[in-house]
Structure formats: structure tokens, C-alpha cells
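In: my questions concern the predicted model and sequence given below.
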Number of protein chains: 4
Amino acid sequence: MVITLDKAQPIVAAAVAKAKEIGQPMNIAVVDDGANLTAFARMDGAWIGSIDIAISKAFTARAFDTTTRDLGANSQPGQQFYGIYASNHGRVMIFAGGVPLRVGGKVVGAVGVSGGSGEQDQAVAEAAAAACS
Amino acid sequence: MVITLDKAQPIVAAAVAKAKEIGQPMNIAVVDDGANLTAFARMDGAWIGSIDIAISKAFTARAFDTTTRDLGANSQPGQQFYGIYASNHGRVMIFAGGVPLRVGGKVVGAVGVSGGSGEQDQAVAEAAAAACS
Amino acid sequence: MVITLDKAQPIVAAAVAKAKEIGQPMNIAVVDDGANLTAFARMDGAWIGSIDIAISKAFTARAFDTTTRDLGANSQPGQQFYGIYASNHGRVMIFAGGVPLRVGGKVVGAVGVSGGSGEQDQAVAEAAAAACS
Amino acid sequence: MVITLDKAQPIVAAAVAKAKEIGQPMNIAVVDDGANLTAFARMDGAWIGSIDIAISKAFTARAFDTTTRDLGANSQPGQQFYGIYASNHGRVMIFAGGVPLRVGGKVVGAVGVSGGSGEQDQAVAEAAAAACS
């Protein structure tokens, strides 16, 4: 499966629905297999600074085929990927909210969510990723 | 009027419809009053390098309250804004495809379209802007 | 309320007055609702490197609707926003001195102050924010 | 003479007065002898994209001790400084609106104005520079 615009939009919509349920406006980005932006939505009142972060979380999750939360755990001082955020011209985010999109185990893209606490971002990103099939 | 997500999405959809009619896949970006990204869509097969250009065209059209086509005409060698593309950290685009969104004459945001010829980008952006009301 | 120039200038002046009281020259920046710079002043002898920092602190405080001090506490190694300073192209500052401007609880902009210790920057920024009404 | 904040603010005020007379909102920046920002004001409704341009025009006018209009004339294709806008990390502007501040023939800083046509920007910058004494 390929992340077409028709596939990406329901993923964004699932994220919006989950964010509304939580009651926290979010920025939501979906990237395709090439880690390139395919769809984006900023909910009303979502943090302006999180536009870039949502897109970068999606990039990161596909660029390394991992959740940004797991990458973050490996990027703390003393860990094996400490300093990775200095790479890729500021596009690597190492906290929760970026989740790969998988079909049959294969990564086909990623979703990045930013606008709340790490836990909220992660919950919304997981709801979005679950809508990928 | 404010460019909420509910206002931005039909503008993107109008651009997609026009691009399909023309038969050229496009990247489409909508920014709000603060020139910050609100919605984005990349149609299947649209140029990857045009993702950034579409977002920058929308930024430019709101940042200077003008179409990027008109700004381009004033930014040629010898014209009054020649060299403006060096400003704003690479976010100023000076060819067709960026159009302000107006309600009652007031600029409330902008749309940026990139993926085809200048004429095609402009036609799609104008169709999108016409959907703003 | 909107942060017009007439609203921003007394906020800057309040910061200057507080900085003089403390005896430490400061750079002071005010951004509006769109996180865009509205007014700036560098007091005589204030650090040159803090010009950019003051502007970025104001951007950050509005971009995330938080003080940069609180954001900093959440961005330490092991915390939920660790690595956030890599986002937004170098414009995110995570130490004290950036404070949202609020009217009736709603964030309408932010002030950023840089030129002294974190405590001094914070004190001046709070004095400035208190002048927003 | 040195461009202190007390010297810079009346220069900004002179620019604001001239811009009001012309009826075009402007961004106004003053830099000191070191080409570093000292004071800035964005008039209500002035173009967001011109914030960066006003600051860069002031930088350029002091960095090369010339008006940006004159530098622009020498930076057209085929001229001796063609391509200079690629230097200094995007801070060189080569169209009208940047004017050195002089006292007794010596350059002590510069003013940069952006928000209207080249002619308008230049007129406002000259009115500002005339207030430097």
C-alpha cells in the first residue's frame, strides 16, 4: 500500500476526532514512504510552534522507522543516539507524537502530532496510525 | 472571518478539484492571517520539491498581501523589489501560484499552489481563493 | 484585544523601567498573536547575542502559549519535550525570559527579554507582561 | 555620537510620522555602529514579510555604508556586486529603504524601512535619517 492523499486524509481525520475527544487542539502531519509531507491540518487554536514539530515528528518516525518516543529514549545524554536532533537540518524530533504507519508490518509512512503533552500527542498519533489500513 | 480548519479544508478541496480538471497533480497549502500553515495536501504524484514551494507561496502571498505573480513582476532585475527572495530565510517565492484569501476586501490568509506550470499553478490557486467566503 | 504598536510600546517601556531598576541592560521584544515581531528595544550595553534570543523567547512564549521557563523545565533530558529546541529553525528558547501576554486569560502575544541572568530576564519579562491590559 | 536607545527611538518615531503622512503602514528598524538591531516598530497592518526585510535593510545599509538603493543599482545582472544578496546568510537587501545614519559625515548606524513601494520606503527612511543628529 502507498500513502496516497485519499489514504492520508482519513488518517488526519482520525487524529482530529481523537484530539476533539481529548479536548486539546493539535497539529497533524502525514508523510509518505519517502518521508515527504502528504497531508496536514492545524486544528483551531493549536500551538503555532507545533506546526513545524508535527511535520518533523512525522519525518522522524518514517526517517528512522520508529516512534519518536522510542527514539527519544535512545537519545538521552549517555544513550547511543544522543545528539541525533542536530542532524537533518533540525527535522529530527525526539519526543512522543511521531508514529510510523504500517501495513502488514511494512512501514509505508508516518504520522506526527503536536499540540499537547507528550502523552496526549502520542495518544492522538496512535489513533491516527490505527486508521491506516 | 478567520481561516479556521473548517474554512481551510474546502479551499484545499476546491484546489484539488481544479487540479484534477487540468490533469496536473499539485501541492496545495493554506495559511491563516498570521501566515502560519493551516492545511496542506499533496496530490498523488505531485513534485516533492514543490511541497516547500507551495507552503512558501502561501506564506509570501499573506506576508505581502499580494499574489506571488504580481510580486514576481516587481522583483525582476531592475524592478523595485529585485532581491526580495533573499529575505525571510528562503520563504519568499516570486512566481505564480500564491494568492491572498480575501473576505470583504480584507486579507484573511492565503493559498499557495505548486506542481505545474506557472499558469496552471495560478489557475488552481485562483479557483481555491474563489472558494473562500 | 490585539497587540497594536500603541499597546506594544508601553510594554517595552515597562520592561526598560524594570531593567533600569535592576541595573542590567536588556534586549526586549514583543510579538503579536501571530508570533510576529511588533516592537523591539536594545538598552545601551545589552548583549549583542541576546538580540536574537529576546526575539526568539517572545516567539516561543506565543508559539507554545507558555513561559519559556516552564517550557524549559519540561525540556530537560528525560522530560517530555526534550529536544524541542531543535524545531522551528532555531527560534525555540527554553530558558527564562519569555512570557505570554494575556488579556482576560486569552493569549494575545508575548514578550521576550534577554540580557542578564535567568532570574533577571524573568523579572523584567513579568513586569512587562503586567503592563499588558 | 553613538546610536543609543534614546537616540534610536526618535528616529523610529520620525519614520512612523512620515509613514502616517504617506498613509502606508511600515516596519522600521534602527541598527547601531555594529550593525546590530537597536530599535524596531511594526505599524498596525504592516506586511508581516517586511519585518525581516526592514531589519535586513538596516543591516545592509550599515554593513556596506550605503543606501540599499545605491547598492541595488550596483547589484543588477552584469553589475559589479551582482549576487551580493547571497552573502551574509540572507541579510543583504538590495532595494530601496535602507539608509545610513550619519553624524558629521561619519556613519553611526542605519535605518531600514519596509512596507510599501520602493519609493515610499525610501521616503520614510530618509525622513528617519534626517532625525538623526
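Out: The structure has been received and is ready for your questions. Numbering: from 1, shown residues only, chains lettered A, B, ... in the order given.
In: neighbours of A:Gln24, how many?
Out: When neighbours are counted by other Cβ atoms under 10 Å in any protein chain shown, A:Gln24 registers 18. Every residue, glycine included, has its C-beta placed from N, CA and C.
In: grab the nearest non-local neighbour of it.
Out: Using Cβ to Cβ, 6 or more residues apart in numbering or on different chains and skipping residues adjacent in sequence, the residue nearest A:Gln24 is A:Gly116, 4.1 Å away.
In: my guess is that neighbour meets A:Asn27, correct?
Out: No: A:Gly116 is beyond contact range of A:Asn27, at 10.1 Å (criterion: Cβ atoms under 8 Å).
In: so those two - more neighbours on which side?
Out: Using other Cβ under 10 Å, the more surrounded residue of A:Gly116 and A:Asn27 is A:Asn27, with 30 against 22.
In: now for the helix or strand that contains A:Gly109, which elements pack on it?
Out: Using DSSP states H and E, A:Gly109 sits within strand A:106-114. Using 3 or more Cβ pairs under 8 Å, 6 or more residues apart in numbering or on different chains; DSSP states H and E as the contact test, the elements touching strand A:106-114 are helix A:5-22, strand A:27-31, helix A:50-63, strand A:98-103, helix A:118-130.
In: of all these, which one comes closest to chain C?
Out: Chain C sits nearest to helix A:118-130 of all the helices and strands packed on strand A:106-114, at 3.5 Å, using Cβ to the nearest Cβ.
In: tell me the residue of chain A that sits nearest chain D?
Out: A:Ile48 (12.7 Å).
In: wait, what's in contact with the residue of chain A found nearest chain B?
Out: For chain A, the residue closest to chain B is A:Phe40, as judged by Cβ to the nearest Cβ, at 3.8 Å. The neighbours of A:Phe40, taking Cβ atoms under 8 Å, 6 or more residues apart in numbering or on different chains as the test, are A:12, A:27-30, A:51, A:54-55, B:37, B:39-41.
In: contact partners for the most centrally placed residue in chain A?
Out: Residue closest to the mean C-alpha point of chain A, counted by Cα atoms, centre = their mean, is A:Gly112 at 1.5 Å. Taking Cβ under 8 Å, 6+ apart as the criterion, A:Gly112 is in contact with A:28-31, A:53-61, A:68, A:93, A:97-99, A:125.
In: switch the cut-off to 7 Å
Out: A:29, A:54-58, A:61, A:97-98, A:125 (Cβ atoms under 7 Å, 6 or more residues apart in numbering or on different chains).
In: as a markdown table, those residues with neighbour count and pLDDT would be great.
Out: Formatted as a markdown table, the contacts of A:Gly112 follow (neighbours: other Cβ atoms under 10 Å in any protein chain shown; pLDDT from 0 to 100):
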| residue | neighbour count | pLDDT |
| --- | --- | --- |
| A:Ala29 | 34 | 98 |
| A:Ala54 | 33 | 98 |
| A:Ile55 | 27 | 98 |
| A:Ser56 | 30 | 98 |
| A:Lys57 | 36 | 98 |
| A:Ala58 | 37 | 98 |
| A:Ala61 | 31 | 98 |
| A:Gly97 | 38 | 98 |
| A:Gly98 | 38 | 98 |
| A:Ala125 | 33 | 98 |
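In: nearest to B:Lys20 among those residues?
Out: A:Ala29 (23.3 Å; Cβ to Cβ).
In: wait, isn't that closest one in contact with A:Ser56?
Out: No: under the criterion of Cβ atoms under 7 Å, A:Ala29 makes no contact with A:Ser56, lying 8.4 Å away.
In: pLDDT of stretch A:75-87, averaged?
Out: Averaged across stretch A:75-87, the pLDDT comes to 94.
In: quick check: buried residues in that stretch?
Out: Buried residues in stretch A:75-87, counting neighbours by 16 or more other Cβ atoms under 10 Å in any protein chain shown, are found at A:75-76, A:81, A:84-85.
In: now swap in stretch A:61-77 and tell me
Out: Buried residues in stretch A:61-77 (16+ other Cβ under 10 Å): A:61-64, A:66-69, A:71-73, A:75-76.
In: and if you look at stretch A:15-32?
Out: Applying 16+ other Cβ under 10 Å to stretch A:15-32 flags A:15-16, A:18-19, A:22, A:24-32 as buried.
In: now stretch A:38-48
Out: So, applying 16+ other Cβ under 10 Å, buried residues of stretch A:38-48: A:38-43, A:46-48.
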